[in-house]
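**Student:** fold the following.
(chains A, B, C and D)
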Protein chains: 2
Amino acid sequence: MADHKTKASAKTSSPSGGEEAYVPPALANLIGYYLRIAQEASFQAIRQGTGKSDLKPGWYTLLTILSENPGVTPTELSKLCGRDRSTLTSTLNGLDARGLIARRRKAGDQRSYGVKLTAAGEAMLRKLQVIARAHDERLDAIVGKDKPLLMTLLRRIVDELGNGYPPPPARGLGKTSRTR
Amino acid sequence: MADHKTKASAKTSSPSGGEEAYVPPALANLIGYYLRIAQEASFQAIRQGTGKSDLKPGWYTLLTILSENPGVTPTELSKLCGRDRSTLTSTLNGLDARGLIARRRKAGDQRSYGVKLTAAGEAMLRKLQVIARAHDERLDAIVGKDKPLLMTLLRRIVDELGNGYPPPPARGLGKTSRTR
DNA sequence: TATTGTTATACTCTATAACTATA
DNA sequence: TATAGTTATAGAGTATAACAATA
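**Tutor:** Presented below is the predicted three-dimensional model:
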């Protein structure tokens, strides 16, 4: 269920947001826990910005990457955003259907194609940027002068955890496949 | 697809982890973006700890809350963890099936029941705690002396974003429309 | 009528495996 | 054979709406 309209007990709107989040004492000092709920709060705030509109927050990163790397192939794109290729197909279809991207057959290789933003795609990206910027300005205001340090710490977490700690199951010579 | 066994291009294991994450320049200075990828890296690292085992990382928070609030009802529990009640049912069933929790009918109200950890549930929680602690120690090592500040900042983000910013859509006493 | 737990359903995101058409 | 993109399928995770039992 979800009594959202049941009566006047009307919490905010989402079950997450609203009131003060209860934090289990045992978790209150864990970086990992706060990383999660802070990210959740942030993401949820963004959703409120895009709302029902055709702007899917999930597109933002993808459009940004496309904007900065016009002509990439889906496989390259999947590596850039760290997801499996197969997860991109339907999103690309959606973007294509909305005229936000153009797929152009590669000259040399008939199997592949390059993806780039259309004018509409660039426009959509700009709209999303406005939302993203507004959101991050709010975050900037919250963290204030400590932003540089916060960014440093988060970057360090990404860099140090990001690499396969349990070292690559050492399965043979990985022919240099690079992220690119 | 996912040619994980196709040949020697062998990345780490997950498409996410591995190599250095590519960060689109346009996003590199956004707190929200780094919040997300840092959280992703953290979560992914935890998964490596639990692996295939019967330990679902998602259980940790729930078991912790139950441990600290023995006897809560599902509805109370859903409020404590900020999710809709309906999302708890299947998880509780799973925990129950594994003998990790016990459901006991309430005396006063036949509709509800209290949930508490069994001995096995406490044991499972302890196992998860070991993993969580190890993980957070790694994070502690990464952030070093700046942990207190990092925690303060993350907490501030949660607190300030967490509350319904777009104030409750001011939807009047809508008691009318009910489910059925 | 209101509330509790549950069920049904759906949507997002992501993954693996297998398929096709090239190479 | 190996690679590129796609399809099929699956599984978390979460949401809303509706239901039956009980209050």
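**Student:** by mean pLDDT, flag the weakest helix or strand of chain A.
**Tutor:** helix A:31-50 (a mean of 89; mean pLDDT, DSSP states H and E).
**Student:** by contact count, what packs against it?
**Tutor:** Helices and strands touching helix A:31-50, as assessed by 3 or more Cβ pairs under 8 Å, 6 or more residues apart in numbering or on different chains; DSSP states H and E, comprise helix A:119-143, helix B:31-50, helix B:119-143, helix B:147-162. Heads up, the C-betas are built off the backbone N, CA and C, glycines and all.
**Student:** to A:Lys79, which of these lies closest?
**Tutor:** Of all these, helix B:31-50 sits nearest to A:Lys79, with 15.0 Å by Cβ to Cβ.
**Student:** what residues sit buried inside that closest one?
**Tutor:** B:31-46, B:48-50 (16 or more other Cβ atoms under 10 Å in any protein chain shown).
**Student:** can I get that helix as CSV, trimmed to CA atoms?
**Tutor:** Extracted C-alpha coordinates of helix B:31-50, given in CSV (Å, rounded to 0.1, in the frame of the first residue of the first chain):
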residue,chain,number,x,y,z
ILE,B,31,29.4,17.3,-5.6
GLY,B,32,26.4,15.4,-6.6
TYR,B,33,28.2,13.5,-9.2
TYR,B,34,31.1,12.5,-6.9
LEU,B,35,28.6,11.6,-4.2
ARG,B,36,27.1,9.1,-6.5
ILE,B,37,30.2,7.5,-7.9
ALA,B,38,31.8,7.4,-4.4
GLN,B,39,28.8,5.7,-3.1
GLU,B,40,28.8,3.3,-6.0
ALA,B,41,32.4,2.4,-5.4
SER,B,42,31.7,1.9,-1.8
PHE,B,43,28.7,-0.3,-2.4
GLN,B,44,30.5,-2.3,-5.0
ALA,B,45,33.4,-2.9,-2.6
ILE,B,46,31.0,-4.3,0.0
ARG,B,47,29.5,-6.7,-2.5
GLN,B,48,32.9,-8.2,-3.0
GLY,B,49,32.9,-8.9,0.7
THR,B,50,29.6,-10.7,0.8
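**Student:** quick one, what contacts the nearest residue to A:Arg156 once chain neighbours are set aside?
**Tutor:** Nearest non-adjacent residue to A:Arg156, counting by Cβ to Cβ, 6 or more residues apart in numbering or on different chains: B:Ile142, 5.5 Å away. The contact partners of B:Ile142, by Cβ atoms under 8 Å, 6 or more residues apart in numbering or on different chains, come to A:Leu153, A:Arg156, A:Ile157, A:Glu160, A:Leu161.
**Student:** which residues of chain A score low on pLDDT?
**Tutor:** Under the criterion pLDDT under 70, the flagged ranges of chain A are A:1-20, A:163-180.
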